[in-house]
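Could you work out the structure for the sequence below:
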Amino acid sequence: MGKHRRNGPVPIPKPKDRFLFYEDSYSFQIRNDWLKELFLSLKFQNEKQIARFFCIGWKRLPKLWKEDPPDFFLLVPSKAKSGPRPYHAAWYLRNKLIQCQNLREDTSLRKISKDKQSEKPFEDRFFHAKKAFEFIKSDRIIEGLHVLLVDDIFTTGASLNEIARLYKLRGARKVTCVVFMLSGVIESNGCSSQG
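Prediction:
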């Protein structure tokens, strides 16, 4: 069993091999072999109780944005999947953000691509993300607001960066990202890899 360190949330180093549309990103866990297996149980076997483990440290989130709290949040992808995974892996954190932080959830963005990002080779993830999401509601006021993106895993950051870009195009002032687990690697030269 691999060594497990719980520091969450910890800052994710910023990749230097692309332009970033989000300002900050944080991860509750950093992947090792043991966490990888546990995470796969959460994501693909509907082990909802495991979501609590991946959210350990969620109460420390408000300290990260004490000076500039988010105005609302979005689960990525914003549409629950049908089939074997009928819930979003981050619903436990979603409920805590609503109940304890009084944040509202934005549901104006949806995933339109049927392709799975996780099945794409590293380089293709960036191209896929460009056409994977769209806003379905145009009446939402986003201009000047701080958006919190919540996702289950950060491998390349392509989806988070593309969604942040879409929010910035609609006038968002700031985008912060929070994920359960950092799976990718930011190399010492600032370039990202799948690790």
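
Now do the SS call for the nearest residue to Met181 once chain neighbours are set aside.
Using CB to CB, 6 or more residues apart in numbering and skipping residues adjacent in sequence, the residue nearest Met181 is Gln29, 4.5 Å away. Every C-beta, even on glycine, is put in place using the N, C-alpha and C of the backbone. Recorded secondary structure, Gln29: strand (DSSP: H, G, I helix; E, B strand; the rest coil).

so Gln29 touches Phe180, yeah?
Yes. Applying CB atoms under 8 Å, one finds Gln29 in contact with Phe180, separated by 6.2 Å.

Specify the beta-bridge partners of the most centrally placed residue in the chain.
Of all residues in the chain, the one closest to the mean position by CA atoms, centre = their mean is Asp151, 2.5 Å from it. Taking DSSP bridges as the rule, Asp151 bridges to Val179.

now Asp24
As for beta bridges, Asp24 partners with Thr176 under DSSP bridges.

Mind pulling up the pLDDT for it?
Looking at Asp24, its pLDDT stands at 93.

List the residues that contact it.
Residues near Asp24 by CB atoms under 8 Å, 6 or more residues apart in numbering: 11, 64, 176-177.

tally of neighbours for the spatially closest residue to Asp68 that is not a sequence neighbour?
Leaving aside its sequence neighbours, Asp68 sits nearest to His146 (CB to CB, 6+ apart; 5.9 Å). Counted with other CB atoms under 10 Å, the neighbours of His146 add up to 18.

about what we covered before: just the buried residues from the contacts of Asp24, in ChimeraX please.
Buried members of these, defined by 16 or more other CB atoms under 10 Å, are picked up in ChimeraX with:
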select :176,177
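
Switch the contacts of Asp24 over to TSV; also include distance to Asp106.
Listed next are these as TSV, based on distance: CB to CB, whole Å:
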residue	distance to Asp106
Pro11	24
Leu64	19
Thr176	13
Cys177	14
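
Next, count neighbours for Glu123.
Residues within reach of Glu123, counting by other CB under 10 Å, total 10.

what's the closest non-adjacent residue to Leu149?
With sequence-adjacent residues excluded and distances taken as CB to CB, 6+ apart, Leu149 is closest to Cys177, at 4.6 Å.

Go ahead and confirm that neighbour touches Ile153.
No. If you go by CB under 8 Å, Cys177 and Ile153 don't touch, sitting 11.4 Å apart.

thinking again about what came up before, who has more neighbours out of Gln29 and Phe180?
It is Phe180, of Gln29 and Phe180, that has more neighbours when counted by other CB under 10 Å, with 29 against 26.

So which residues of this protein form helices?
Counting by DSSP state H, the chain has helices at residues 33-44, 50-54, 61-64, 91-99, 122-130, 158-169.

Could you pull out the buried residues of the fourth one?
If you call a residue buried by 16+ other CB under 10 Å, then helix 91-99 has these buried ones: 92-94, 96-97.
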